[in-house]
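**Student:** Just the structure for this:
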Amino acid sequence: MTDRSQKALVYHQHGDPSEVLRLEEMPVPKVGQGEVLLRMRAAAIHPSDFGMIAGSYANLRELPAIGGREGVGEIAEVGQGVDKKMIGRMAALPEDQGAWAEYFVMPAEDLFFLPIGLPFEQAALALLNPMTAWRLLHDFEYLKEGDWIIQNAANSAVGVAVIQLARHLGVRTVNVVRREALREELRKLGGDVMVIDDDDYPASLLDLTDGKKPKLALNSIGGPSALRLAKTLCDGGVHVTFGAMTGEAIRFPTRRLIFDDVRFVGFWFDKWKRCQTPEKVREAYEEILFLAATNVLQSRVEATHPLTEYEQALTKSNEPRFGKILFVAGEERGD
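**Tutor:** Model prediction:
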């Protein structure tokens, strides 16, 4: 019997994804005892995926490696000792194997099932960025209903999740963006105040927030944008950096540190997850998935592409846009 083959996006060395990523044929992995075969339904393209391929991310896989770190699959086969009723169920793809391939094998006991009825495109985006947003809103400052937070890159996937989750919690948001056209889009999602990321907005912000200063600032850009966030915080406020889109260093406002007790901290979701028990991580995921399944949380999808169109997908991912680009099973493509 001839082994079945599958397509996967593989890199054999670190570098620019457009140069080192290749679509390759490889055998479909065989299902062993106690294992299941997952067929990829949707897999996200994240900035951290590019960092892993480039070799600049803190977590790197052994080469050669399959790209991607978040996606969902449908159980296509089960091995000996696994209930056949699992076939057809949707589960998260194993992050350590890469997500940009057609098939994956994993132990049945490690499966993380997704809510029945949750669209696979939403499921593919429900774990990484929304979980980051949830932790940012819960782990650094006690936020009560009516409190204000401020974030830059508010149109990013994490930023959009922050807006929706903050609205769910009764927390109000100041959303800093670089393009005027984004104001209305973020307002539709529940954003309270939208401002353009320039030197002027910190001085006039109190006029937009009923005289209240934000308690929490969320920075994923760096450089001058991060400093402007710090200028808006209340005494004792917390400034959290979880991304560095520009790569520029953050200047700490010394006076705010000394006289206003503003705190500057960092957050990396991968590290948070490593420090938790598997039960704690599963519990946190289940909470987020419930919010996705009940439409409290909706991720934006800009376009979908099969793996064979990876060059177009990567190009779109580096262009200005409002939603995510996904890889999907070939027949499920849509723009």
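
**Student:** other SSEs contacting the lengthiest helix in the chain?
**Tutor:** In the chain, taking DSSP state H as the definition, the longest helix is helix 278-293. With contacts taken as 3 or more Cβ pairs under 8 Å, 6 or more residues apart in numbering; DSSP states H and E, helix 278-293 sits against helix 120-123, helix 128-138. Just so you know, the C-beta spots here come from the backbone N, C-alpha and C atoms, and that holds for glycine as well.

**Student:** Those: lowest mean pLDDT?
**Tutor:** Among the helices and strands packed on helix 278-293, helix 120-123 carries the lowest mean pLDDT, at a mean of 92.

**Student:** name the helices or strands packed onto that helix?
**Tutor:** Under the contact criterion of 3+ Cβ pairs under 8 Å, 6+ apart, helix 120-123 touches strand 35-44, strand 71-78, strand 90-92, helix 278-293, strand 324-328.

**Student:** Return the alpha-carbon coordinates of it using PDB.
**Tutor:** Provided in PDB are the C-alpha atoms of helix 120-123 (Å, rounded to 0.1, in the frame of the first residue of the first chain):
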ATOM      1  CA  PHE A 120     -13.700  26.800  12.400                       C
ATOM      2  CA  GLU A 121     -12.300  30.200  11.300                       C
ATOM      3  CA  GLN A 122     -13.200  31.600  14.700                       C
ATOM      4  CA  ALA A 123     -11.900  28.500  16.500                       C
END
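
**Student:** Would you map the helices across this protein?
**Tutor:** 17-20, 47-54, 120-123, 128-138, 157-169, 182-189, 201-204, 223-232, 254-259, 269-274, 278-293, 310-317.

**Student:** quick one: the residue nearest to residue 92 when sequence neighbours are not counted and residue 73, what's the gap?
**Tutor:** Leaving aside its chain neighbours, residue 92 sits nearest to residue 112 (4.5 Å; criterion: Cβ to Cβ, 6 or more residues apart in numbering). Note on residue 112: its distance to residue 73, by Cβ to Cβ, to the nearest Å, is 11 Å.

**Student:** Isn't residue 238 up against residue 217?
**Tutor:** Yes - in terms of Cβ atoms under 8 Å, residue 238 counts as a neighbour of residue 217; the distance is 7.2 Å.

**Student:** more crowded one of those two?
**Tutor:** Applying other Cβ atoms under 10 Å to residue 238 and residue 217 shows that residue 217 carries more neighbours, namely 27 against 19.

**Student:** Might one say that the more buried one is in contact with residue 150?
**Tutor:** Yes - between residue 217 and residue 150 there is a contact under Cβ under 8 Å: 5.1 Å.

**Student:** Mind pulling the model confidence for the residue nearest to residue 105 when sequence neighbours are not counted?
**Tutor:** Distance criterion Cβ to Cβ, 6+ apart; nearest residue to residue 105, sequence neighbours excluded, is residue 29 at 4.1 Å. Residue-level confidence at residue 29 comes out at 93, pLDDT.

**Student:** Help me confirm that residue 29 comes into contact with residue 37.
**Tutor:** Yes - Residue 29 lies in contact with residue 37 (Cβ under 8 Å); the separation is 7.1 Å.

**Student:** Compare the two (neighbour count), which wins?
**Tutor:** Each of residue 29 and residue 37 has its neighbours counted (other Cβ under 10 Å); residue 37 has more, 20 against 17.

**Student:** From residue 213, how far off is the closest residue to the more buried one other than its chain neighbours?
**Tutor:** Sequence neighbours aside, residue 77 is the residue nearest to residue 37 in space, at 4.0 Å (criterion: Cβ to Cβ, 6+ apart). The spacing between residue 77 and residue 213, counted by Cβ to Cβ, is 56 Å.

**Student:** what sits against residue 322?
**Tutor:** Shown in contact with residue 322 (Cβ atoms under 8 Å, 6 or more residues apart in numbering): 155, 182, 185, 300, 302.

**Student:** do the same with residue 15
**Tutor:** Counting by Cβ under 8 Å, 6+ apart, residue 15 makes contact with 53-55.

**Student:** Tell me where the model's unsure across this protein.
**Tutor:** Along the chain, segments meeting pLDDT under 70 span 1-2, 330-335.

**Student:** ok, for the spatially most central residue of it, nearest residue in space, not its chain neighbours?
**Tutor:** What sits nearest the mean C-alpha location of the chain, by Cα atoms, centre = their mean, is residue 129, with 2.5 Å. Using Cβ to Cβ, 6+ apart and skipping the chain neighbours, the partner closest in space to residue 129 is residue 157 (4.1 Å).

**Student:** what's the burial count for the one you found?
**Tutor:** Number of residues near residue 157 (other Cβ under 10 Å) recorded here: 22.
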